[in-house]
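> got a predicted structure here, sequence first:
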Amino acid sequence: MDADRIIGSAKEMAGGVEGTVGEMAGDAKTQASGKAREAAGTVQNLYGQAKDAAREAADTATSYAKDAYEASGDTFRDGSQAIARKVHDNPLGALLIAGGIGFALALLMSRPARRPPPRWRYYG
């Protein structure tokens, strides 16, 4: 629990008491001061609640990221094993796919570089 929530709640309660005392005594100044303190306490309490919520959201996001990072090795290992099984079950298909990918990469790499369009200059 954030300190602003505790302090805000205390100010809110003290302001409420002060406002009630001012109302009972018929003192408008004390009553107004109590209402102002109560409002300030409410704002500080809400600020503390927002800080707590942000802290909890950050902790949750960190926890999710940590879990995803730790599980990524397992996912990679599982994918590698699945590919190894497919290659072991169908070596000819795997060889044809690898050859097709290599051929496509060779075509992409052997293309001439694009030249910028010519600039037309008029000499007059």
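Alright, I've got the coordinates.

> quick one: the strands in this structure, in order.
Under the criterion DSSP state E, the chain carries no strands.

> outline the domain layout of it.
Here the domain parsing of the chain from the TED database is 1-71, 79-111.

> pLDDT score for the most centrally placed residue in the chain?
Nearest residue to the geometric centre of the chain (Cα atoms, centre = their mean): Ala61, 6.5 Å. Looking at Ala61, its pLDDT is 90.

> that one and Lys51: what is the separation?
Per Cβ to Cβ, to the nearest Å, Ala61 is found 16 Å from Lys51. No exception for glycine: its C-beta is placed from N, CA and C like everyone else's.

> contacting residues for the residue nearest to the centre of the chain?
Residues counted as contacts of Ala61 (Cβ atoms under 8 Å, 6 or more residues apart in numbering): none.

> mind checking how far it is from Lys86?
Ala61 sits 36 Å away from Lys86, going by Cβ to Cβ.

> for Asp2, what are phi and psi?
The phi and psi values for Asp2, taken as degrees, to the nearest 10, are phi -80, psi 150.

> out of everything not next to it in sequence, what's closest to it?
Gly48 (3.9 Å; Cβ to Cβ, 6 or more residues apart in numbering).

> hang on, the one you found packs against Lys11?
No: here Gly48 does not reach Lys11: they are 11.2 Å apart, not a contact under Cβ atoms under 8 Å.

> any common contacting residues for these two?
With Cβ under 8 Å, 6+ apart, Gly48 and Lys11 have no common neighbours.
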